[in-house]
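# Just need the structure, nothing else, for what follows:
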Amino acid sequence: MTNENKQQINLGIDHSKEVFYTNDFGVIASKNNEITLDFRQTLPRIDALPNGQVVRSMQVKHNPILIQPTLLKMLVIILKEELEKIEKEQGEIKLPEKWKMEKDKDKTITTRVETPDYIG
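Residues are numbered from 1 along each chain as shown. From the prediction side, this is the model:
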């Protein structure tokens with residue numbers, strides 16, 4: 001490439017979003033040529049009220065990702081390769097017995113995983 005064809009491109013990377021830890025995923029839906037991956041973070045929350053009462057609840061955060069089929073296929077290939085490396089080093093990763101997928105009539109795939117109850 002000659003110097004005449006070179007262009008300088010400034011690249012800015014947004015680091016403002018905090019890291020999102022996911023311990024479950026809710027819905028994988030495919031509509032209008034986009035796939036939605038809805039990752040979920042479920043954490044216990046304990047609030048002490050001014051009257052001394054303690055309220056226990058679960059806090060759920062969602063982090064949905066919309067992705068095009070081509071990019072999803074590339075991601076699946078990369079994830080498969082990485083999973084094979086991990087299993088080669090550490091042994092087979094087994095899924096929980098209660099894990100299942102349900103395919104609804106609108107082609108939405110819903111996963112059902114019984115998540116542990118971290119509150120007593």
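
# any idea where the strands of this structure begin and end?
24-31, 34-48, 54-67, 100-103, 109-112 (DSSP state E).

# Look up the closest residue to the residue nearest in space to the middle of the chain, ignoring the ones flanking it.
The geometric centre of the chain, computed from its C-alpha atoms, lies nearest to residue 39 (Cα atoms, centre = their mean), at 3.3 Å. Residue nearest to residue 39 in three dimensions, not counting chain neighbours: residue 22, with 4.1 Å by Cβ to Cβ, 6 or more residues apart in numbering. Every residue, glycine included, has its C-beta placed from N, CA and C.

# And the one you found, what's its pLDDT?
Per-residue confidence (pLDDT) for residue 22: 77.

# Repeat that for residue 68.
Note on residue 68: pLDDT of 90.

# list the contacts for the closest residue to it other than its chain neighbours?
In space, residue 68 comes closest to residue 34 once its chain neighbours are excluded; the distance is 6.2 Å by Cβ to Cβ, 6+ apart. By Cβ atoms under 8 Å, 6 or more residues apart in numbering, the contact set of residue 34 is 66, 67, 68, 69.

# who does residue 34 bridge with?
The bridge-partner assignment for residue 34, based on DSSP bridges, gives residue 31.

# Export the contacts of residue 34 as a markdown table, with columns for distance to residue 76 and neighbour count.
As requested, these are exported to a markdown table (distance: Cβ to Cβ, whole Å; neighbours: other Cβ atoms under 10 Å):
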| residue | distance to residue 76 | neighbour count |
| --- | --- | --- |
| 66 | 16 | 11 |
| 67 | 10 | 14 |
| 68 | 13 | 11 |
| 69 | 10 | 11 |
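
# Pipe those residues into CSV and attach distance to residue 30 per row.
Written out in CSV, the entries for the contacts of residue 34 read as follows (distance: Cβ to Cβ, whole Å):
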residue, distance to residue 30
66, 11
67, 10
68, 11
69, 8
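
# closest to residue 83 among the residues you listed?
Distance to residue 83, by Cβ to Cβ, is smallest for residue 67 among the contacts of residue 34, at 18.4 Å.

# how near is the nearest residue to the closest one once chain neighbours are set aside to residue 28?
Across the structure, with Cβ to Cβ, 6+ apart as the measure, the residue nearest residue 67 apart from its sequence neighbours is residue 35 (5.3 Å). Look at residue 35 and residue 28: by Cβ to Cβ, to the nearest Å, they are 7 Å apart.
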